[in-house]
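Trainee: Only the shape, not the letters, is given here:
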Ligand SMILES: Nc1ncnc2c1ncn2[C@@H]1O[C@H](COP(=O)(O)OP(=O)(O)O)[C@@H](O)[C@H]1O
Ligand SMILES: Nc1ccn([C@@H]2O[C@H](COP(=O)(O)OP(=O)(O)O)[C@@H](O)[C@H]2O)c(=O)n1
């Protein structure tokens, strides 16, 4: 097998901890490809909801998965996520998708299909991928692993403000309940549950600005590059 030459940054953690925010900023700064693995589970969930798929029927799930094509499509400085050729970037962030996504992401067939795609997307490219199992299952040999966390109330507040800005009609209680519901399912499911990789750098950003958290990660990246030089 040829020697690995790409650099993989894996970012995992609870819901609304700033994973995508750091991942996007890092990718921009380092000129890496950013892949939001959560968006893939959200796109699958959207498809299942649109087609009224019974999540407990494995035959239905398998058949639906075979009809799903997910693509990341660059558009200016953003990346859109396309489900069977249509941009669903905004739709997948809505609460009705958030309410079902962890149930869908716990299905083994769904995980097997998504992990295979994620590994292909990350092969031979410099990437930053964020999710729940990136440093443990998708890229256990990642060059840099981060595990992000923050105070649950701060996370709920941040997500609530974000959803309000997008015009979503929701309450703090709903957001708080959704985050804790997802965190519980994500960390207790049988298939690659959310857990901190032993070699991950833990970042609690409860009291860090976006700039401070980015600088911390860049410093760690530079230290690793220097070590490997
Ligand atoms: N250090 C920070 N300080 C304040 N708000 C932040 C910080 N990092 C991220 N955010 C905000 O918190 C919310 C959740 O961040 P996001 O990156 O979507 O989290 P995740 O990908 O972990 O779900 C977003 O509205 C984002 O702008
Ligand atoms: N690698 C991943 C990424 C997301 N997910 C699932 O997808 C959901 C949505 O992920 P997300 O990253 O978009 O969630 P937010 O934290 O951004 O709200 C999570 O709650 C998990 O159930 C997963 O199981 N594995």
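Mentor: Received, thanks. What you see is a predicted model; the values in this text were computed from it and never measured. Ligands and ions are numbered 1, 2, ... in the order given.
Trainee: Find out how far stretch 25-38 is from the centre of the chain, if you would.
Mentor: 11 Å (C-alpha atoms, centre = their mean, to the nearest Å).
Trainee: go on, stretch 118-137?
Mentor: 10 Å.
Trainee: Quote the end-to-end distance of that stretch.
Mentor: Using C-alpha to C-alpha, to the nearest Å, the end-to-end distance of stretch 118-137 comes out at 11 Å.
Trainee: can stretch 173-191 be found next to ligand 2?
Mentor: Yes. Interface with ligand 2: stretch 173-191 contributes 182, 186 (C-beta under 6 Å from any ligand atom). Any C-beta I mention is one placed from the backbone N, CA and C, and that applies to glycine too.
Trainee: and the protein, which residues reach ligand 1?
Mentor: 13, 15-21, 130, 158-159, 162, 205, 208-210, 213.
Trainee: What segments of this protein are strands?
Mentor: Ranges of strands in the chain, per DSSP state E, are 8-13, 33-36, 70-75, 78-83, 86-87, 127-131, 144-149, 201-204.
Trainee: Just the buried ones from the residues of the chain next to ligand 1?
Mentor: In the residues of the chain next to ligand 1, burial by neighbour count holds for 13, 15-21, 130, 158-159, 205, 208, 213, counting by 16 or more other C-beta atoms under 10 Å.
Trainee: List just the nearest of those to residue 102.
Mentor: Checking those against residue 102 with C-beta to C-beta, the nearest one is residue 15 at 8.9 Å.
Trainee: In contact with the nearest residue to the closest one once chain neighbours are set aside, which residues?
Mentor: Distances taken as C-beta to C-beta, 6 or more residues apart in numbering put residue 179 closest to residue 15, at 4.6 Å, once the chain neighbours are dropped. Residues near residue 179 by C-beta atoms under 8 Å, 6 or more residues apart in numbering: 14-16, 152, 155-156, 159.
Trainee: Verify the stated contact: residue 46 with residue 97.
Mentor: Yes. The pair residue 46 / residue 97 is scored as a contact, 5.5 Å apart, by C-beta atoms under 8 Å.
Trainee: so what sits against both of those two?
Mentor: Common neighbours of residue 46 and residue 97, using C-beta under 8 Å, 6+ apart, are residue 91.
Trainee: picking up where we left off before, possible to save the contacts of residue 179 as JSON lines with distance to ligand 2 and pLDDT?
Mentor: Below are these laid out as JSON lines (distance: C-beta to the nearest ligand atom, whole Å; pLDDT from 0 to 100):
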{"residue": "14", "distance to ligand 2": "7", "pLDDT": "96"}
{"residue": "15", "distance to ligand 2": "4", "pLDDT": "96"}
{"residue": "16", "distance to ligand 2": "5", "pLDDT": "96"}
{"residue": "152", "distance to ligand 2": "12", "pLDDT": "97"}
{"residue": "155", "distance to ligand 2": "9", "pLDDT": "98"}
{"residue": "156", "distance to ligand 2": "11", "pLDDT": "98"}
{"residue": "159", "distance to ligand 2": "7", "pLDDT": "96"}
